[in-house]
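Novice: this one's structure only:
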């Protein structure tokens, strides 16, 4: 697996990962068409955030998008590539890019994602009923702060 900065021509592949991953979250309402999602990735996420992609055999299998500052906006891995270290590698790269720490939002019902982040040193800091997300679904804010990490060993 190789992690590299996303290029504009990666927008369709990044959108495919986003759509495939989001489709597994069956508790969420589907608010956007696939075409709208492709447009969102190409014209909002890619130009406004730092996006890294994970590639396997030349195929984009995951991505992380970081807003300037201290916010991890998106981390998605194609469902057929989950459980193989792709998400962990992308999260580690985010920690390198935002060494002062960052926060992210996850849906409360997404138990798999919550376990993923908790096992990798992120702490739950807030739960809401979802007023701040367009799906209006309960969510949770997690933080990673390097000064709260246990020493190695």
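Specialist: That came through, no problem. The shown structure was predicted, so the numbers you read here are calculated from the model rather than taken from an experiment.

Novice: in the chain, which spans are helices?
Specialist: 11-22, 34-40, 46-48, 86-97, 111-119 (DSSP state H).

Novice: the longest strand in the protein is where?
Specialist: Longest strand of the chain, by residue count under DSSP state E: strand 59-67.

Novice: thinking again about what came up before, now render the helices of the chain as TSV, adding distance to residue 125 and mean neighbour count.
Specialist: Where C-beta positions appear, they are placed from N, C-alpha and C, glycine not excepted. Shown next, in TSV, are the helices of the chain (distance: least, Cβ to Cβ, whole Å; neighbours: other Cβ atoms under 10 Å):
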stretch	distance to residue 125	mean neighbour count
helix 11-22	24	19
helix 34-40	27	14
helix 46-48	25	14
helix 86-97	17	18
helix 111-119	11	14
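
Novice: so which of those is nearest residue 78?
Specialist: For these, the distance to residue 78 is smallest for helix 11-22, at 4.9 Å, taking Cβ to Cβ.

Novice: for that closest one, packing partners?
Specialist: helix 34-40, strand 50-56, strand 59-67, strand 71-77 (3 or more Cβ pairs under 8 Å, 6 or more residues apart in numbering; DSSP states H and E).
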